[in-house]
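K.L.:
Structure for this input, please:
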Amino acid sequence: MSVRIVRLGSPRKTGEGLRIGTVRRPPRGVPKNEFASRDYYDAWFPNLAPSLETMKAAHAARTIAQWNAFGRRYRKEMAAPEAAHAIGLLAALSHGTHFSVGCYCEDEARCHRSILRELLAAAGADIAD
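P.N.:
Residues are numbered from 1 along each chain as shown. Down below sits the predicted model:
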């Protein structure tokens, strides 16, 4: 059992399980009833998405220092009790079922999901390659 970190909208892998969108907004121009069939997500969980202001900082980051500042802000948001409990829950679930979490960004290294991967691992999640 494990959690996969994925790009939403990418083809699903065998055994991936439920796909959870950890994004601030649903995909634009896609009818709600097609989110799952178009490989976006089965369940929307914006609780683990960066806040609007933090997301803007990520999109504006052009230097490593700016990206690192985004990372600090996002980690601080994820340390809040509600987010920390959600991360702990997902980490625990990863030991009993397959599921995935993700975002739309093309490059995981420049996406909050890279930090979410680290946070899930630190919480003891079983993370698939």
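
K.L.:
contacts for the helix or strand bottoming out on mean pLDDT in the chain?
P.N.:
In the chain, no helix or strand scores lower on mean pLDDT, DSSP states H and E than helix 52-60, which sits at a mean of 93. For helix 52-60, the surrounding residues in contact (Cβ atoms under 8 Å, 6 or more residues apart in numbering) are 24, 49-50, 66-67, 69-70, 73-74, 77, 110-112. For every residue, glycine as well, the C-beta is placed using N, CA and C.

K.L.:
cool, and stretch 67-83?
P.N.:
47-48, 50-51, 54, 57-58, 61, 84, 87, 110, 112, 115-116, 119.

K.L.:
Just the pLDDT at the residue nearest to residue 61 when sequence neighbours are not counted, thanks.
P.N.:
Leaving aside its chain neighbours, residue 61 sits nearest to residue 67 (4.4 Å; criterion: Cβ to Cβ, 6 or more residues apart in numbering). Here the pLDDT value assigned to residue 67 is 95.

K.L.:
helix or strand for residue 67, which one?
P.N.:
Residue 67 is part of helix 64-78 when elements are defined by DSSP states H and E.

K.L.:
what angle separates that helix from helix 52-60?
P.N.:
160 degrees (axes from the mean of the first three to the mean of the last three Cα atoms, to 10 degrees).

K.L.:
list the buried ones in helix 64-78?
P.N.:
70-71, 73-74, 77-78 (16 or more other Cβ atoms under 10 Å).

K.L.:
Show me what secondary structure element comes after it.
P.N.:
helix 81-93.
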